[in-house]
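Q: Coordinates for the following, if possible.
(chains A, B, C and D)
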2 protein chains.
Amino acid sequence: MARSMHVRRPATLASLAAELGVSRTTVSNAYNRPDQLSPELRRRVLETARRLGYPGPDPVARSLRTRKAGAVGLLLTENLSYAFRDPAAIGFLEGLALACEDAGTGLLLVPANPEREDVAAVHRAGVDGFVVYSVPDDDPHLAAVLERPVPTVVCDQPDLGNVDRVGIDDQAAMNSLARHLIALGHRRIGVVCMRLARDRNDGYVTRERQRSAHFHVQRARLAGLAEAFAEVGVEWSAVPVVERFDHTIASGASAAAQVLDRDPQITALICTSDILALGALGEARKRGLNVPHDLTITGFDGIREAEQAGLTTVRQPVLEKGRAAGKLLLDPAERTRPRSVTLSTELVVGATAAAPRGAVEERWFGP
Amino acid sequence: MARSMHVRRPATLASLAAELGVSRTTVSNAYNRPDQLSPELRRRVLETARRLGYPGPDPVARSLRTRKAGAVGLLLTENLSYAFRDPAAIGFLEGLALACEDAGTGLLLVPANPEREDVAAVHRAGVDGFVVYSVPDDDPHLAAVLERPVPTVVCDQPDLGNVDRVGIDDQAAMNSLARHLIALGHRRIGVVCMRLARDRNDGYVTRERQRSAHFHVQRARLAGLAEAFAEVGVEWSAVPVVERFDHTIASGASAAAQVLDRDPQITALICTSDILALGALGEARKRGLNVPHDLTITGFDGIREAEQAGLTTVRQPVLEKGRAAGKLLLDPAERTRPRSVTLSTELVVGATAAAPRGAVEERWFGP
DNA sequence: TGAAGTGACCGTAACGGTTCAGAACCAATT
DNA sequence: AATTGGTTCTGAACCGTTACGGTCACTTCA
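A: Here you go, the predicted model:
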């Protein structure tokens, strides 16, 4: 009766030890180092634990003492749920999860909603390290992560100099795609890209905004395009580049519409992601344009949906990126100077790119 | 020089307080309750922190003291990466992530590889609660979670009596799908289901194994089928039920092949998931069967790929399931008796189910 | 002028463990 | 008899923080 009046304090290692008349050390050993005590005593400890409802050593207290959390944090800076909607992000997550699993480590998704600039979640995260995936380089969450005294791996970020990095050569990859289109004869192009900064700017992009883009990946891809087309005399500032904040198929479609409305004479529409390209593909179809003969459309990423659509694109190893990031972070090896892993990409020649009609005629009537 | 000889102990709240000549409490307040000290002192504290390289209060120590981890654990018991491959699981994750985000809480993916029965990860997880999603009811990880003294929400599990639950009525949902097929005239059916227990059993399933299946969802769906078909006089033990351990399109195809090879006279193949059904669809196509006229095929889940394929299936609100689980877990409201949320499902009549040829003839020649 | 407030800061006691250097004991060896 | 070695268990320090209940100086008000 009276027993039930006060809240029964939950059992702890100490109370268990007291009950048994042994030291805390011994109880701890019963759980963590069975070889340090006699089997008989261990049995008694575990049995008493069960009787008292002791759930085993508290993970947080243990983490404090051992300085190991057994988890890595992942910073995405999108609404967390975004990660589960974008195929490339999912692939990355899968790779990262694989690496974590191999190491028996948990993966903590850190809520980093870009709207409320609440960095507290980064400070609260009990993790042994961070992986940062594709956030703007001026993101306060990224800054908060870098201040934490734990190892960090950034992915799809510019080289920060003092942390490990995983990525691809976006500029070179996009450059090679551009050269492919140039070889096909394209000179009048339009571009659809993902968001370039934290502010929403659904529309045309100035040269300056391209240069100062805070998303490294987008900046590099645009640079790769500009570089290639400049070489063949295309004046980049005349190339229409349209940006979309939301990374969805619908965004791709509307962006394509915007470009085609103003510049119907373009022969190729280069998108900086497959998702956007799939949207553009839909828009072209809606307009009765024959892809690739009326309009070439290309993407970037190499997601499965793109493959099914026969998209000409650049395939990047998203799963490997995640896995590499995890391995780098969890690798107990010498953590000397910051390491950098650059994975290779592959130009996927699909069915959505072909010589523009003009180029075909040129060849036809040529010498 | 000499300074660099020994490892500089990282700054702590205490060392910072000592340096400043104030109490630890004050430093703590500088971070957590700015209103508790003068702006001037707070400024000094933060500045000194920067100078000493103090990264702010240690999250683990804080968690220990406040008894809040700021994260919820998710137990999946598949290879972690599985979650990122199955559309239904992804939808669940997305919903759960949304709920966590709303609450500013992290989401910890607990590595629970079913192969090595290593429950340690569950013990190590510093979380304020657990969500358990679709694990076998005899899974040791589940048992370990239930022993932890934190609130838990199970999803797609049998009612455990003492923890919150989120799910759908799998039996009723499958029952209504079955009735739909029965109304169409189907009596000779085959079934393809997901794994029923932790052991691999790629092949026919005995009645006993169905009854004792450790995956509640599969057991309930099979029961719903059996129930409906028994009502119209179909002897369930004669119905071929084939199980597949791996939940992939390829598995669905091979399972369909296995059924069709032995029982080519069936008019409908009922799959307990869309993924399996998509595989079956492929196999049917490969065999030159006309779906639905030669063979009716149905799924379960209502994933997007199924919709695109025009699959007749049952749609369940996977995202809502995740969100509901998160809300239940994070809801600060009266945590009285265990709560149970059952979400509704919807029969999706697609293009992969039709009356069997026989039934058409019957009607043709009927009275 | 004395009582009651108020703002700013502090001391102590947890929070629940792990770890490491021994202590105590016993058997076997020298 | 003294030494050695091995097991089994203990004591005390430590991990870094926050909660709680103060103290103390300085208004404010009747």
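Q: what helices or strands is the host helix or strand of A:Leu329 leaning on?
A: Counting by DSSP states H and E, the element that carries A:Leu329 is helix A:318-330. Judged by 3 or more CB pairs under 8 Å, 6 or more residues apart in numbering or on different chains; DSSP states H and E, helix A:318-330 is in contact with strand A:71-75, helix A:87-103, strand A:130-133, strand A:152-155, strand A:164-168, strand A:340-343. All C-beta atoms are positioned from the backbone trio N, CA, C, and that covers glycine.
Q: and A:Ala230, how far is that from A:Gly224?
A: Shown here: A:Ala230 relative to A:Gly224, a distance of 11 Å by CB to CB, to the nearest Å.
Q: of those two, who's got more company?
A: A direct count of neighbours by other CB atoms under 10 Å in any protein chain shown for A:Ala230 and A:Gly224 places A:Gly224 higher, at 23 against 11.
Q: Give me the distance between the more buried one and DNA strand D.
A: According to CB to the nearest atom of the strand, to the nearest Å, A:Gly224 stands 44 Å off from DNA strand D.
Q: Ok, A:Pro55 next?
A: A:Pro55 is 19 Å from DNA strand D, by CB to the nearest atom of the strand.
Q: Contacts only, for that residue.
A: By CB atoms under 8 Å, 6 or more residues apart in numbering or on different chains, the residues touching A:Pro55 are A:10-11, B:147-149.
Q: what about 10 Å?
A: Counting by CB atoms under 10 Å, 6 or more residues apart in numbering or on different chains, A:Pro55 touches A:10-11, A:49, B:123, B:144, B:146-150.
Q: quick one: which of the helices and strands packed on helix A:318-330 is nearest B:Ile297?
A: helix A:87-103 (25.9 Å; CB to CB).
Q: and the closest one, anywhere near chain B?
A: Yes - on the criterion CB under 10 Å from any CB of the partner chain, helix A:87-103 is in touch with chain B at A:87, A:89-103.
Q: Give me the mean pLDDT for the following helix or strand past that helix.
A: Using DSSP H and E, the helix or strand that follows helix A:87-103 towards the C-terminus is strand A:106-110. What strand A:106-110 shows for mean pLDDT is 96.
Q: buried stuff in strand A:106-110?
A: When burial is assessed from 16 or more other CB atoms under 10 Å in any protein chain shown, strand A:106-110 yields the following buried residues: A:106-110.
Q: check contacts around the residue of the stretch 101-250 of chain A found nearest DNA strand D.
A: Of all residues in the stretch 101-250 of chain A, the one sitting closest to DNA strand D is A:His123 (9.2 Å; CB to the nearest atom of the strand). Counting by CB under 10 Å, 6+ apart, A:His123 makes contact with A:144-145, A:147-148, B:31, B:55-59, B:62, B:70.
Q: If you rank the residues you listed by neighbours, which is first?
A: For those, neighbours tallied by other CB under 10 Å; top is A:Val145, 27 neighbours.
Q: separation between it and B:Val217?
A: A:Val145 sits 38 Å away from B:Val217, going by CB to CB.
Q: gap between the two ends of stretch A:107-122?
A: 14 Å (CA to CA, to the nearest Å).
Q: picking up where we left off before, would you list the helices and strands packed on helix A:318-330 in TSV and tack on distance to B:Ser38 and mean pLDDT?
A: TSV is the format used below for the helices and strands packed on helix A:318-330 (distance: least, CB to CB, whole Å; pLDDT from 0 to 100):
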stretch	distance to B:Ser38	mean pLDDT
strand A:71-75	34	97
helix A:87-103	45	94
strand A:130-133	34	97
strand A:152-155	35	96
strand A:164-168	41	96
strand A:340-343	46	96
